[in-house]
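> coords please:
(one chain, ligands or ions: 1)
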Amino acid sequence: MVPASDSEHKPLLEAIGLSHHYEVRGSTVTALDDVNLTIREGDFVTIVGPSGCGKSTLASMFAGLIKPSRGQVLYDGKPIDGPSRERGMVFQELAVLPWRTVTDNIAHGLQIAGVPKAERNRRVAELVKLIGLEGFESKYPRELSGGMRQRVAVARTWAPEPPVILMDEPFAAVDAITRLTLQEELIRLAKTTQRTVVFITHSVDEAVFLGDYVVAMTARPGRVLEIVPVNHPPGQRTWEAMATDTRLQEIVSHVFELVRGRAAGTQAER
Ligand SMILES: Nc1ncnc2c1ncn2[C@@H]1O[C@H](COP(=O)(O)OP(=O)(O)OP(=O)(O)O)[C@@H](O)[C@H]1O
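Residues are numbered from 1 along each chain as shown. Have a look, this model is predicted:
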């Protein structure tokens with residue numbers, strides 16, 4: 001099995017010999033083929049690969065939304081057999097309730113979980129501050145920019161404090177400048193709250209900027225090609241560092257070559 005990190009922390013998510021096939025109008029599409037991966041508690045792991053390599057399929061399996069055709073997917077050593085509050089998911093498409101204010105959107109999962117009002121208010125206020133939405137608490141999603149709405153979606157998933165947060169290209173639809181701000185906020189949020197984050201992206205820059213470890217995948221059928229440690233302190237992750245730090249730039253080039261090289265080879269074989 002390939003561990004994403006070499007830390008002492010316990011494995012939280014594990015994919016063991018994971019394969020997945022979709023049946024489409026009588027033909028079989030192999031999305032994932034023999035994926036082995038261990039994600040440890042507290043890691044921020046980014047998964048990058050060419051379009052269609054099965055990244056969303058893998059995230060959906062960790063979320064318990066799809067069952068593997070072959071192999072196993074474990075949470076805390078036990079097979080995942082469906083969605084759970086232990087694993088929250090943020091999707092690319094906006095997941096906010098238009099008829100609820102910012103505060104009520106963030107509090108929604110807490111209400112469902114029966115968290116008492118005082119505790120709910122405390123957690124919502126803390127998150128509003130962490131994601132920079134102070135002053136917008138009583139606004140409705142239609143009164144917010146796209147970036148703000150996506151912040152609300154992130155905070156909604158974060159609020160019930162799931163140990164694992166799965167994020168499937170959550171910033172793909174926002175403009176480049178807003179994306180930078182959201183990425184910086186996400187790093188802060190993840191480290192402040194000490195969550196385990198699995199972040200899917202097809203952007204190599206984003207994967208290296210955010211991840212403690214970058215999982216590079218081959219083109220479809222997706223396999224783990226290499227796990228690249230970034231080893232850059234979260235407090236020093238800024239876009240200035242990305243632009244000037246030669247070691248980070250070398251990592252970006254390496255991951256880019258991995259993803260592109262394999263992608264080109266596999267495309268040619270098809
Ligand atoms: N529900 C489905 N039915 C049939 N085929 C599917 C289904 N979902 C995904 N696929 C196929 O499985 C492969 C992997 O899809 P998946 O969405 O997991 O990849 P991805 O790496 O997340 O892609 P992208 O980066 O473009 O979002 C693709 O070829 C896709 O067309």
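> all strands for the stretch 151-270 of the chain, in order.
Along the stretch 151-270 of the chain, the segments classed as strands by DSSP state E, counting those that start in this stretch run 164-168, 196-201, 213-217, 224-229.
> Minimum distance to the ligand: which of the ones you listed has it?
The ligand lies closest, by C-beta to the nearest ligand atom, to one member of the strands of the stretch 151-270 of the chain: strand 196-201, at 6.5 Å. Just so you know, the C-beta spots here come from the backbone N, C-alpha and C atoms, and that holds for glycine as well.
> got the angle between the closest one and strand 164-168?
Counting by axes from the mean of the first three to the mean of the last three C-alpha atoms, to 10 degrees, strand 196-201 lies at 10 degrees to strand 164-168.
> What's opposite the residue sitting nearest the centre point of the chain in the beta bridge?
In the chain, the residue lying closest to the centroid (C-alpha atoms, centre = their mean) is F199, at 2.0 Å. Bridge pairing for F199 (DSSP bridges) gives the partners T46, M167.
> Just the pLDDT for it.
With respect to pLDDT, F199 scores 96.
> Please tell me I have it right and it contacts F44.
Yes: assessed by C-beta atoms under 8 Å, F199 is found in contact with F44 at 7.0 Å.
> Find residues that contact each of those two.
210-211 (C-beta atoms under 8 Å, 6 or more residues apart in numbering).
> gap between D175 and T181?
Using C-beta to C-beta, to the nearest Å, we find D175 at a distance of 10 Å from T181.
> of these two, who's got more company?
Neighbours per residue (other C-beta atoms under 10 Å) separate D175 from T181, with T181 holding more: 15 against 11.
> All the helices of the chain, residue numbers only.
Assigned by DSSP state H, the helices in the chain fall at 55-63, 102-112, 117-130, 146-158, 176-193, 204-210, 239-244, 246-269.
> Nearest to E86, out of those helices?
Closest to E86 of these, according to C-beta to C-beta: helix 55-63, at 10.3 Å.
> Tell me which residues are up against the closest one.
Under C-beta under 8 Å, 6+ apart, the answer for helix 55-63 is 13, 15, 18, 20, 31-32, 35, 47-49, 66-68, 73, 75, 80, 83, 87, 89, 164, 166-169, 198, 200-202, 217, 222.
> and if we set it to 7 Å?
Residues from elsewhere that reach helix 55-63 (C-beta atoms under 7 Å, 6 or more residues apart in numbering): 13, 15, 18, 20, 31-32, 35, 47, 49, 66, 68, 73, 83, 87, 89, 166, 168, 198, 200, 217.
> per-residue confidence averaged over it?
Computed over helix 55-63, the average pLDDT equals 94.
> and that helix, is it in reach of the ligand?
Yes: for a cut-off given as C-beta under 6 Å from any ligand atom, helix 55-63 has contacts with the ligand, namely 55-57.
> got those residues as JSON lines, with neighbour count columns?
What follows is the residues of helix 55-63 next to the ligand, written out as JSON lines (neighbours: other C-beta atoms under 10 Å):
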{"residue": "K55", "neighbour count": "24"}
{"residue": "S56", "neighbour count": "18"}
{"residue": "T57", "neighbour count": "20"}
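> check the contacts of helix 55-63 against the ligand, which are close?
31, 49.
> In strands, which of the contacts of helix 55-63 fall?
Per DSSP state E, strands hold the following members of the contacts of helix 55-63: 13, 15, 18, 20, 31-32, 35, 47, 73, 87, 89, 166, 168, 198, 200, 217.
> Of those - the most surrounded one?
I47 (31 neighbours).
> Who are the contact partners of it?
Taking C-beta under 7 Å, 6+ apart, one finds 55, 58, 198, 200, 215, 217 in contact with I47.
> I'd assumed V154 was in contact with V90.
Yes: V90 is within contact range of V154, at 5.6 Å (criterion: C-beta atoms under 7 Å).
> Between the two, which contacts overlap?
P170.
> The stretch 101-250 of the chain against the ligand: which residues are in contact?
Along the stretch 101-250 of the chain, the residues adjacent to the ligand under the rule C-beta under 6 Å from any ligand atom are 202, 220.
> Tell me which residue of the stretch 101-250 of the chain lies closest to the ligand.
Nearest residue of the stretch 101-250 of the chain to the ligand (C-beta to the nearest ligand atom) works out as H202 at 4.7 Å.
> so that residue touches S51, yeah?
Yes: between H202 and S51 there is a contact at 5.8 Å, judged by C-beta under 7 Å.
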